[in-house]
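Novice: Can you look at this prediction? I've put the sequence above it.
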Amino acid sequence: MYATSTPFVLEFPGEDWTFGLTYGSGKYSYSYTDYNAAATTSTSTKTQNINFSTAEVTGRYYIGNSFNIPFGYASYKISYPDWVYSGATYDIDYSITQLNYGIGNEWTYDWGGYYGIDWYQGGSKLSDTITVKLKSGTETATTLAQATKTSTDVSAFAGIFVVTFGFGF
């Protein structure tokens, strides 16, 4: 999620606590082979785009010099524009809210540099919402079920070894 949305992070440091905001968005594209059910010998390569957006309110509690416990509330959105299944085209929007937590280290340098590593990031999903809109084609119970299932296969986001570079003022 972070690799695609490349979020901008703004943190307000303190002695024992840091609070911040994170926001970013981006698009991921992949190619797949479309097997046309109507013509058994027809195949073509298609491209699917997935749009990601990240919005977080974050905090860190420092234990010792650099060791910290990051936490926060996050809202993630995943959009599948023009998602096709068995001749039906949908726009799918999937939103997740979750609580984040982890462990990490951060170091600041006299010249203003900042280097951080979150060794582990986890999350607990609070809620999720899906919106499926038929754009074209014939909707059946199977196509609608597949469109709904596609996005809800996503669980709470987590990560390991998340590295951050930056500058402080």
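Specialist: Perfect, thanks for sending it.
Novice: So what are the sheet partners of whichever strand or helix holds residue 91 and their directions?
Specialist: In this structure, residue 91 is located in strand 88-108 according to DSSP states H and E. Partner strands and pairing direction for strand 88-108 (DSSP bridges) are strand 67-85 (antiparallel), strand 113-136 (antiparallel).
Novice: Which stretch among these is buried most, on average?
Specialist: Per-residue neighbour counts averaged over each of these give the maximum for strand 67-85, namely a mean of 18 (mean count of other C-beta atoms under 10 Å). C-beta here means a position set from N, CA and C on the backbone, and glycine is covered the same way.
Novice: what mean pLDDT would you report for that strand?
Specialist: For strand 67-85, the per-residue pLDDT values average out at 91.
Novice: where in this protein is pLDDT low?
Specialist: 34-43, 150-154, 169 (pLDDT under 70).
Novice: following the longest helix along it, which helix or strand shows up next?
Specialist: For the chain, the helix with the greatest residue count under DSSP state H is helix 141-152. Heading C-terminal from helix 141-152, the first helix or strand you meet, by DSSP H and E, is strand 159-167.
Novice: Now do that next one against strand 67-85, angle only.
Specialist: Orientation check (axes from the mean of the first three to the mean of the last three C-alpha atoms, to 10 degrees): strand 159-167 against strand 67-85 gives 110 degrees.
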